[in-house]
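Undergrad: build me a model from this:
(2 chains)
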Number of protein chains: 2
Amino acid sequence: MRKGNPRSLDRLLRPRTLAIVGASRDDKKVGHVVLHNILGAGFRGTVYLVNPEAKSIDQLPCYAKYRDLPEAPDLAIIALPSPATLKILPALAARGTKNIVIFSAGWRETGTAGEQQEIKLKQLAERAKLNILGPNCLGFLNASVNLNATFGRVLMQAGNLRFISQSGAIATALFDYAAANSLGFSEFITLGNKTVIDEVDILTYWQTAGAPHRTMEDLTSEGLAPYQPIGLYLESLERGQEFLQAVKIFSRHHPVFLIKPGRTAAAQTAMQSHTGALAGDEAVLTAALKSAGVIHCRTLEDLFDLSRFASWERAPQGPRVAIISNAGGPAVVATDNLTEAGLTLAPLSGAAKKTLRRWLPAFANVNDPIDLLGDALAKRYQIALQTVAAEPQVDALLVIITPQLMTQIEQTAEVISALSKKWQKPIVGALMGGQEIVAGEQVLNRYKIPSFRFPERALQALGALWWWQKWRQTTAKERRPHLKSLPLLSRAQKIIRQHQRRRLLALSPLAANTLLAATGLATPPSAAVWSGEAAGQWAAKIGYPVVLKLSSSALLHKTEQRAVITNIANQRALTAAWRQLEKKRRSLKQTRETPELFIQRQIQGGIEVIVGVKRDRNFGPVLLFGAGGTWAELIGQSIVHLLPLTIDKAAEMIKQSTVGRLLTGYRGAPASATTELALLMTRLGELALRIPAIKEIEINPVIVTPTRAWAVDIRVILNQT
Amino acid sequence: MRKGNPRSLDRLLRPRTLAIVGASRDDKKVGHVVLHNILGAGFRGTVYLVNPEAKSIDQLPCYAKYRDLPEAPDLAIIALPSPATLKILPALAARGTKNIVIFSAGWRETGTAGEQQEIKLKQLAERAKLNILGPNCLGFLNASVNLNATFGRVLMQAGNLRFISQSGAIATALFDYAAANSLGFSEFITLGNKTVIDEVDILTYWQTAGAPHRTMEDLTSEGLAPYQPIGLYLESLERGQEFLQAVKIFSRHHPVFLIKPGRTAAAQTAMQSHTGALAGDEAVLTAALKSAGVIHCRTLEDLFDLSRFASWERAPQGPRVAIISNAGGPAVVATDNLTEAGLTLAPLSGAAKKTLRRWLPAFANVNDPIDLLGDALAKRYQIALQTVAAEPQVDALLVIITPQLMTQIEQTAEVISALSKKWQKPIVGALMGGQEIVAGEQVLNRYKIPSFRFPERALQALGALWWWQKWRQTTAKERRPHLKSLPLLSRAQKIIRQHQRRRLLALSPLAANTLLAATGLATPPSAAVWSGEAAGQWAAKIGYPVVLKLSSSALLHKTEQRAVITNIANQRALTAAWRQLEKKRRSLKQTRETPELFIQRQIQGGIEVIVGVKRDRNFGPVLLFGAGGTWAELIGQSIVHLLPLTIDKAAEMIKQSTVGRLLTGYRGAPASATTELALLMTRLGELALRIPAIKEIEINPVIVTPTRAWAVDIRVILNQT
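TA: Model (predicted):
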């Protein structure tokens, strides 16, 4: 059902009746724990048990066979080993159950035999139109119907956090973390092997139905943030483009944060061996998540911290943070981390400083970061907090408490809690220490105020939420991509078709030049030349210096193979160059495509950049931009953007790049034609979108002069048809 | 005593007798808490109390005046406000007490009046030769004599960790953290304002005396690492070079780790306002700490994590880590973090894999990261740990435990603890969750095995210690810098003296050229020319293209001011260039130095780099290296190295840099003269060391061709005399 209508998961995630197949009396068995969890959480629907060897478990009768059940349950939870699971599935389908959760491992993740089993499972599901969650998953949790259909040890505390995890262990660790911190979930879905249902199905279901969305008032009255944030642990993102579309609908209103291992080659190998997940390109993933407003976590600590922060505290409306501390040292360390988290210190008003000066001791520091001194009692914190929170130029507050001689940790936490309700801006705690601070942490947890053991952890989370807030603000203003029609698109299409007919997988440089010229890009005047004389005549007309190139798709890295001669200043040099390349041309092996020489006007001056498009396995076509020429691979990563690309976004990419600083008039040099360059980038993006036969284009360099952006050296690769 | 003999701090830190001046009955007062701490920790020396208003406190008699004391105590601890402290000091000195701890705030950190008080304090100390710790400090802790002379709430648990903190709050937070984690200190010194005693004094004292150093056997028998690690929180490092010398003596044998706030401008401002500490250059600090083998922490979490890790667990002998986990997800995230922490996965032997395959379930993954599966009991962990720890190619083990259904957290922790004693390689735990894992953490704490809530925290600490181990290994092999004599040094000195006599603070480009040529650096053939004809004759002899420059120290950024004309290809162009610059020369304001024109052969091809020397306020002369020309400021930071610089280190700097990849023959280009460049760098460093009058040299660019490294554009600034 990956195409067509979205999968209806309502009866899976909100069943009226369910059956546990493989229910067990043994409290160490999964088939017992899930029953225990379901009964313990207060599920109000009907629960059937299937076990041929027991009469009853926990006073619930057991049915020997699935077909004996008095009705077809909405949901069947299978707690059997993988072979038995495969065997029983047809009986479930025959009885009319469409929704299945499979706990057992022993599938694709275990090698070839398991993979065969999983293929059978998938075929079965397709034939019988089954919604299967798992296999190799921990089940799910849905607080809106009091259903804990997991075999994890989880405290059923309702909350506003939604979570999708491909890993059961991340789920169990989060459950334990949640229990210790009074953090509640509204839904928690573990996906396991994603044989049938994946993250896109869940997100799509949540859009249309899902748990009843609570109003902002409901949430804030419980001390929660006015969101239903979504946390994601995913090892693969096969349907990347659909995922982005689905997640973007949420991220406009709710913080969404994700961790995806596989940044490094070592992790990719490890992941592939344990789930068979194929790694994508990390730069593309980063660009994709950025475009969809998804916070990209790099560590599990970030993921856990954000789970709590996003559930409890609203995102700041701006980057200005006031730090209030009873110690200078931690406050200055925090100031370093603040800057690095994309936040700034808040400039306090004169009035606020005056108030602070009146009420705080003489030696206290009334500039942000505010130092209340080591003997600050709760009252002193209260005065500072009140004064600072009322400042309109303060977007968020960080309260640092170190356990000094007089410090009233618990009372200070109460003060923070009382004030936090009053102000619609995030207030967050950093309580440093080990045991003396625990009582304070418990108070803050009770009032749903995120607190951390180190100020930098608080700032990291706050910075991530500010990034999200900024994304929301700019996305709201964003104009829809305006796709201008490509001039002469049909001519470009014709060139591609000609190549396809001849089964050529790469365009020769000359053909690539023609293609881009047809698309309206500025390419240097060029001509195919078949004799030294013709070349001389052309150069005399157009003007020296010129470049002579041997055009053959067989020579992809021309510079190294010396198939390009630049800086040809006069007729004599041209004749010599001609002889050299013509000799080389004749020596080339004959392929379906005839190598030819072509001459080009040399673009002088200007700055070299690289622009390319490629197709990512998960996220589709992307545009790349970076420094060009020899520097391309030295200056570090190029910047990636998912297509389509607006002119504004192209301009932003240029601005963000290192080479962009050269382009916008560095050190008194004239500003280059960045608008022309942005236009070239969007047009190239459009070309890739309109002609799917194009697999990859790389223009290296594009030479950007003060007036034009010239596509000088072009490489076009086609998809196999 | 900053010069001459090191300060003897023995009677300060190991007193036989001490007096508390301002001892108090009020248990909320500092003068009570310190007494309570001293008595509570079991100090065996004599304790005198001074308080004119009490007869006795806690059954100890009080003396009304210091002069009434029956003997001159080795140490006086003053718990009085700052004005009273100043007033009583002469009496202490008169009675013969040389060692003082001052708790009170109210000095430099509070503004001008406080600063005046602190100056008086310093003068008093100098006159009476007093060793003063503080003021504005929390005191110190010395476990070897059972002395807790702090007013913090600290559990007196002896350990092997030495700590120096400029902040009292960092100390109180660490005390609380230590108490919660059974972490013990051997010495803990808080410095406060460092008016008299600073970190260099403490380190120097520790070298010669200090607490009796325990043998490796003593330490390991207590379950500790075979080190006495040193942690440092410092806001300033005024005596940078002495600090490096002192700290390096320790870092060869013990892990030393430091955090110093002030990386960002915001933190520098905040710090200056609260302690008056002046910020140094962060890149120089990083280079300095690296050269001394000091682990540079960026967050408080890193500092706290390392305090525990370095105290309890030895550093790995190599980077190869085996990860053993009951969950695939956290293990692959950890693999990402592992790579980023400078570590690698360990390749297991065929024999080990065979053993694992025999004993682990069929679906378990026996490649690193090893996945024991979610139902792993303690026994399964034990088998895996035993097998893997015995592998010689495994340098360290990370054990991840997630609280799954069957997980035996406490028993697994016992298994880890038992095996940890057996192997001389670090074994570290990552117990993920919140409350179920606490019992396991307590077991590990008891056995002094560092455990963390997230695998990346464990790996960050492990990576830091591996960095230190590597530093030790390479430093042991390091040849002492071999300072070759500078050719014609006396000629260079003569040029500098001439400028000094004329009170010139900068060398003209031509003089700078002469200076470096005299030092043996390759400079392009150059000549001062006083007429267009002379220029033409010179060029005809040396060969075109040439460069014409207007040499005047008044024109420091020549390119922008168009005082350099490059690419002069023939006589006609030279004449035009001459006219242009000669006109500009005449228009220059006359200064003490006569502007002149000079001609230079143009170095063609090659790669532009920048090499410079400057003098850092804290750490003295440093050498800078980076990409040159227009790219200099775009490609990011240049690399810094403290002087002296050996050829090997210079080669390493080149190799580490981005531009270094171009130099060592990028993409088939010929390898440039990196050896010549390394030689130029060491020679420039020597020049700066030999002639202290040189404040700064910048050569931008050095053009590195395949055979030479040419110092093309040179700027030399002198110190004011």
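Undergrad: the stretch 401-550 of chain A: helices as residue ranges?
TA: With DSSP state H, counting those that start in this stretch as the criterion, the stretch 401-550 of chain A has helices at A:409-422, A:438-446, A:455-477, A:489-501, A:509-518, A:532-542.
Undergrad: got the angle for the fifth one vs helix A:489-501?
TA: It stands for helix A:509-518. Helix A:509-518 runs at 160 degrees relative to helix A:489-501, counting by axes from the mean of the first three to the mean of the last three C-alpha atoms, to 10 degrees.
Undergrad: can you give me the buried ones in the helix or strand hosting A:Ile400?
TA: Per DSSP states H and E: A:Ile400 is located in strand A:396-401. By 16 or more other C-beta atoms under 10 Å in any protein chain shown, the buried positions in strand A:396-401 come out as A:Ala396, A:Leu397, A:Leu398, A:Val399, A:Ile400, A:Ile401. From N, CA and C alone the C-beta is placed, and that goes for glycine too.
Undergrad: repeat for stretch A:50-62
TA: A:Val50, A:Asn51, A:Ala54, A:Ile57, A:Cys62.
Undergrad: confidence-wise, which of the residues you listed comes last?
TA: Ranked by pLDDT, the buried residues of stretch A:50-62 bottom out at A:Ala54 (91).
Undergrad: quick check: beta-bridge partners of the closest residue to it other than its chain neighbours?
TA: For A:Ala54, ignoring the flanking residues on the chain, the nearest one in space by C-beta to C-beta, 6 or more residues apart in numbering or on different chains is A:Cys62 at 4.6 Å. For A:Cys62, the beta-bridge assignment (DSSP bridges) gives partners A:Leu49.
Undergrad: who touches A:Cys62 in this structure?
TA: Shown in contact with A:Cys62 (C-beta atoms under 8 Å, 6 or more residues apart in numbering or on different chains): A:Ala23, A:Leu49, A:Val50, A:Asn51, A:Ala54, A:Lys55, A:Ser56.
Undergrad: out of those residues, who's nearest chain B?
TA: Chain B has its nearest neighbour among the contacts of A:Cys62 in A:Ala23, at 15.6 Å by C-beta to the nearest C-beta.
Undergrad: which SS class is that closest one?
TA: Assigned state for A:Ala23: coil (three-state reduction, DSSP: H, G, I helix; E, B strand; the rest coil).
Undergrad: would you mind measuring from the residue positioned nearest the centre of chain A to chain B?
TA: The structure's chain A has its C-alpha centroid closest to A:Leu289; by C-alpha atoms, centre = their mean the separation is 2.7 Å. Here the criterion is C-beta to the nearest C-beta, to the nearest Å. By it, A:Leu289 lies 16 Å from chain B.
Undergrad: quick revisit: could you redo the helices of the stretch 401-550 of chain A as CSV and give each row distance to B:Gly342 and mean pLDDT?
TA: Shown next, in CSV, are those (distance: least, C-beta to C-beta, whole Å; pLDDT from 0 to 100):
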stretch, distance to B:Gly342, mean pLDDT
helix A:409-422, 37, 93
helix A:438-446, 33, 95
helix A:455-477, 21, 93
helix A:489-501, 47, 87
helix A:509-518, 42, 87
helix A:532-542, 55, 92
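Undergrad: A:Leu718 is in contact with A:Ala693, correct?
TA: Yes. The pair A:Ala693 and A:Leu718 passes the contact test of C-beta atoms under 8 Å, sitting 5.5 Å apart.
Undergrad: hey, what's in contact with both of those two?
TA: Common contacts of A:Ala693 and A:Leu718 (C-beta under 8 Å, 6+ apart): A:Ile496, A:Gln500.
Undergrad: the two - which one has more neighbours?
TA: Between A:Ala693 and A:Leu718, counted using other C-beta atoms under 10 Å in any protein chain shown, A:Leu718 has the larger neighbour count: 18 against 14.
Undergrad: not counting sequence-adjacent ones, nearest residue to A:Trp578?
TA: In space, and not counting its chain neighbours, A:Trp578 is closest to A:Gly532: 4.1 Å by C-beta to C-beta, 6+ apart.
Undergrad: what of A:Pro545?
TA: In space, A:Pro545 is closest to A:Gln602, 4.4 Å off (C-beta to C-beta, 6+ apart).
Undergrad: how about A:Ala288?
TA: Counting by C-beta to C-beta, 6+ apart, the nearest residue to A:Ala288 once its immediate chain neighbours are dropped is A:Phe619, at 4.7 Å.
Undergrad: so that neighbour makes contact with A:Leu244?
TA: Yes. With contact defined as C-beta under 8 Å, A:Phe619 reaches A:Leu244; the gap is 7.1 Å.
Undergrad: shared neighbours, these two?
TA: Taking C-beta under 8 Å, 6+ apart as the contact criterion, the residues that touch both A:Phe619 and A:Leu244 are A:Ala288, A:Leu642.
Undergrad: how deep is A:Tyr233 tucked in, by neighbour count?
TA: Other residues close to A:Tyr233 by other C-beta under 10 Å number 27.
Undergrad: tell me the pLDDT of it.
TA: pLDDT, the model's per-residue confidence, is 97 for A:Tyr233.
Undergrad: if it is in a bridge, with which residues?
TA: Bridge pairing for A:Tyr233 (DSSP bridges) gives the partners A:Ser165, A:Ile259.
Undergrad: measure it to A:Ala527 for me?
TA: Taking C-beta to C-beta, to the nearest Å as the measure, A:Tyr233 and A:Ala527 are separated by 57 Å.
Undergrad: and for A:Thr387?
TA: Computed as C-beta to C-beta, the A:Thr387 to A:Ala527 distance reads 75 Å.
Undergrad: all helices of the stretch 601-721 of chain A, in order?
TA: Listed in chain order, the helices of the stretch 601-721 of chain A (DSSP H, counting those that start in this stretch) span A:647-656, A:658-663, A:674-690.
Undergrad: may I see these arranged in a markdown table, with distance to chain B as well?
TA: Putting the helices of the stretch 601-721 of chain A into a markdown table (distance: least, C-beta to the nearest C-beta, whole Å) gives the following:
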| stretch | distance to chain B |
| --- | --- |
| helix A:647-656 | 13 |
| helix A:658-663 | 5 |
| helix A:674-690 | 16 |
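Undergrad: please work out which of those is packed deepest.
TA: The highest average neighbour count among those, using mean count of other C-beta atoms under 10 Å in any protein chain shown, belongs to helix A:674-690 at a mean of 22.
Undergrad: need the contact partners of that helix.
TA: Outside helix A:674-690, the residues within contact range by C-beta under 8 Å, 6+ apart are A:483-484, A:486, A:489, A:492, A:516, A:519-522, A:609, A:611-613, A:615, A:621, A:623, A:625, A:643-647, A:650-651, A:653-654, A:660, A:663-664, A:694, A:697, A:699, A:702, A:704, A:707-709, A:711.
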